[in-house]
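Student: Task: produce atomic coordinates for the following.
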Amino acid sequence: MVKKSKKLNIGNNIRRLRFEAGEMTQGQLAEATGVTRQTIAAIEKASYAPTLELAFLIADAFGKPLDEVFFRED
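Tutor: From the prediction side, this is the model:
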């Protein structure tokens, strides 16, 4: 029997972390992680889930562990 995969709701603290990092802009975070500002905006709004690699790059940009940046909303 094949089990249907469930979509996870992934939340994040990116907006708060950007503010705490000297009001870092979405563009600055995008530059630091090698993606576009639009990608950061979509992740921040939780309308797009980043790849695992990008999630780690974002966490690294803030000097935080992954679980302080991203969390399950289920």
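
Student: Local confidence estimate at the closest residue to Asn9 other than its chain neighbours?
Tutor: In space, and not counting its chain neighbours, Asn9 is closest to Glu73: 4.0 Å by Cβ to Cβ, 6 or more residues apart in numbering. From N, CA and C alone the C-beta is placed, and that goes for glycine too. As summarised for this prediction, Glu73 has a pLDDT of 87.

Student: Wait, Glu73 touches Asn12, no?
Tutor: No. Using Cβ atoms under 8 Å as the test, Glu73 is too far from Asn12 to be in contact (9.6 Å).

Student: So for those two, which residues contact both of them?
Tutor: Ala46 (Cβ atoms under 8 Å, 6 or more residues apart in numbering).

Student: This structure: strands as residue ranges?
Tutor: Along the chain, the segments classed as strands by DSSP state E run 10-12, 70-72.

Student: okay, the ones you listed, which one's buried deepest?
Tutor: The highest average neighbour count among these, using mean count of other Cβ atoms under 10 Å, belongs to strand 10-12 at a mean of 16.

Student: Check what contacts that one and list those residues.
Tutor: Residues outside strand 10-12 that contact it (Cβ under 8 Å, 6+ apart): 43-44, 46, 49, 69-73.
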